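Engineer: From the sequence below, what's the structure:
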Amino acid sequence: MKKHFFIYKLLLLTVFILFTTCYDPVFFRVASEVEPVEPLIKGSPTNIVAFKRAVYVASGIVLYQYTGTTRGSSEPKWYTAKKINGRFLQIASTEKYLYILHYSDTNPNKKTIEKMDETGNWTPVNVNTGSFNNIQNIYSANDTLFISAANVSNSAESYSFFYFSDAGVGGLLGSGEIKGAAYDGTDYYICTKEGVISIIDEAMDPTKDSKSSLEFTGLINLEDNNKTIAAITRDGVLYTVNKTTGGVSPLNVSFDNGRYSTGALAIWRDRNYTPRLLLAGRQDALEYSTDSGYTYGYMELRLDNNGPVGNFSEPGKNPITSDPDNDQFKSTIGKYPVNYILQTPIYIDSNMRLFASTQKNGVWSYKTRNGVPQWNAEADDDP
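Structural biologist: Below you'll find the model as predicted:
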C-alpha cells in the first residue's frame, strides 16, 4: 500500500513539474522558435533604400533590386541589378538618382561613387574632396548626397563631409564623420560621430553648427506635424534637434539595461501610411548578464502627431507594434544585431514588407511563412 501511495505522489509531482514548466518564459520562447532558412542575400548587407519603384540592398559583389508588387506579381522576388569586381560598401537614394559606394578588387584603397537614373543608366560621380581622398560613407536627403571622407596622414586620421546635389553641384560643408542626414522641407541636418549637428539651408550654406560631447549613431525625420529631427546616441538615448540653435535636447527616451544603438533608424507605418513607430537597431550590452537573454534586434517607440510617446520597448510589448509575438521576436531577429532597417513604401509593395540588414546573417524580413507571420531570412523560394 505504501509503495502504491509513493508511486502516486511521484506521478503527481511529475505532472506538477511538467505543468509549471509549460508556463516558464523560457519554455514559451523555445516553443515560439521558427525554423531558420538559408538567406538569399548573405553576409553583411549594406543599408536598404527605396528608389523610384523598387527597393535596393547590396552585399559583396551584387546589388539587389526588390520590385514588390509593382510588377503585378503576387510573389515578389529579388533580382540582380548590378555586379562589380569588388565590394559594395553603402548605397543612398535621392529624388533623381540611386548612388552606390564601392571599391574594386584591383584597388581596394580607392573608393568609387556611381549613380543610376530611373532609366537604369549608370555614370561615375566625381566630387573634389581635396586631401580627404578616402571616402568612408554616403548618406542622402531630399535631392542631395552627403559624403564623409578621411584624410590619413602621419598616422593621424581626420574627417570632413561634402555634398553633391542632383544638379551636379558639390563642395565642402564641414568637419567630422557623418552618421546620418535628414531634411525637414526647408533645411538639411547632418549629425557626426564627434557630436556635431549641422543645419544647412537649401543653398548649401551651413547656418548652425552645434557641438556636444555626445557620440551620435543616427539621425531621422520623425515625420510628425512638427517634422521633428531626432538623433540617437551610441548609448541608445534619443534627442531632438533645436532648429533655431542647432543644439539637442534629451527626450527621456532610451534603451534599457545598458544596451547600445547600432544606428539603424526607420519609420514604421500602418495601412493608412501614417507614421506610428520609430524603429531603432539595438546591440547587446558589452558586459554579459545571465538575465539579459537575447537583446539584439530592434526597439520600438510610439509616435503621434507631435512626436514620440512613452519609451522604447520590444516588439510585441504594446498594442501598436511591428511584430505582435514578443517571444517569437526574441527567438528570431532578436538574436542578431540589426545594422539597417526599412519598411517598403506602399507604392512599391502593397504588403509594406519590413526588411532588415543584419550584421553578418544576411537580409531578413517580417512576413507570413507557412501560415505564420515571422521574422526570418529572405530566401529563394519565399512568397
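Engineer: Any regions of the protein where pLDDT drops low?
Structural biologist: Judged by pLDDT under 70, the chain has its weakly predicted residues at 1-32, 70-75, 154-155, 286-294, 381-383.
Engineer: quick one: the helices in it?
Structural biologist: For the chain, the helices defined by DSSP state H cover 2-21, 25-31, 326-331.
Engineer: The last one packs against which elements?
Structural biologist: Judged by 3 or more C-beta pairs under 8 Å, 6 or more residues apart in numbering; DSSP states H and E, helix 326-331 is in contact with helix 25-31, strand 372-377. In short, each C-beta sits where N, CA and C put it, glycine included.
Engineer: next one: it to chain centre, how far?
Structural biologist: In terms of C-alpha atoms, centre = their mean, to the nearest Å, the centre of helix 326-331 is set 19 Å apart from its chain centre.
Engineer: Just the CA trace of that helix, in PDB.
Structural biologist: This file holds the C-alpha atoms of helix 326-331, laid out as PDB (Å, rounded to 0.1, in the frame of the first residue of the first chain):
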ATOM      1  CA  ASN A 326       7.400  39.100 -28.500                       C
ATOM      2  CA  ASP A 327       8.600  35.600 -27.700                       C
ATOM      3  CA  GLN A 328       8.900  34.800 -31.400                       C
ATOM      4  CA  PHE A 329      10.700  38.100 -31.900                       C
ATOM      5  CA  LYS A 330      13.300  37.200 -29.300                       C
ATOM      6  CA  SER A 331      13.900  33.800 -30.800                       C
END
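Engineer: buried sites along it?
Structural biologist: Within helix 326-331, the residues scored as buried using 16 or more other C-beta atoms under 10 Å are 326, 327, 328, 329, 330, 331.
Engineer: who's in contact with the third one?
Structural biologist: Under the criterion of C-beta atoms under 8 Å, 6 or more residues apart in numbering, the contact partners of residue 328 comprise 32, 33, 34, 316, 374, 375.
Engineer: of all those residues, which comes closest to residue 198?
Structural biologist: Comparing those against residue 198 with C-beta to C-beta places residue 375 closest, at 35.6 Å.
Engineer: Tell me how many other residues crowd the closest one.
Structural biologist: 25 (other C-beta atoms under 10 Å).
Engineer: Spit out the contact partners of residue 299.
Structural biologist: Taking C-beta under 8 Å, 6+ apart, we find residue 299 in contact with 236, 255, 279, 280, 282, 312, 313, 314.
Engineer: what are the ranges of the strands in the stretch 201-350 of the chain?
Structural biologist: Taking DSSP state E, counting those that start in this stretch, the strands of the stretch 201-350 of the chain run over residues 206-211, 216-221, 229-233, 237-241, 248-254, 260-269, 275-283, 298-304, 307-313, 338-343.
Engineer: how far out from the middle of the chain is stretch 115-135?
Structural biologist: Distance of stretch 115-135 from the chain centroid (C-alpha atoms, centre = their mean) equals 23 Å.
Engineer: That one: end-to-end distance?
Structural biologist: Taking C-alpha to C-alpha, to the nearest Å, the first and last residues of stretch 115-135 lie 15 Å apart.
Engineer: Tell me the buried residues in it?
Structural biologist: Buried, per 16+ other C-beta under 10 Å, within stretch 115-135: 115, 116, 125, 127, 129, 132, 134, 135.
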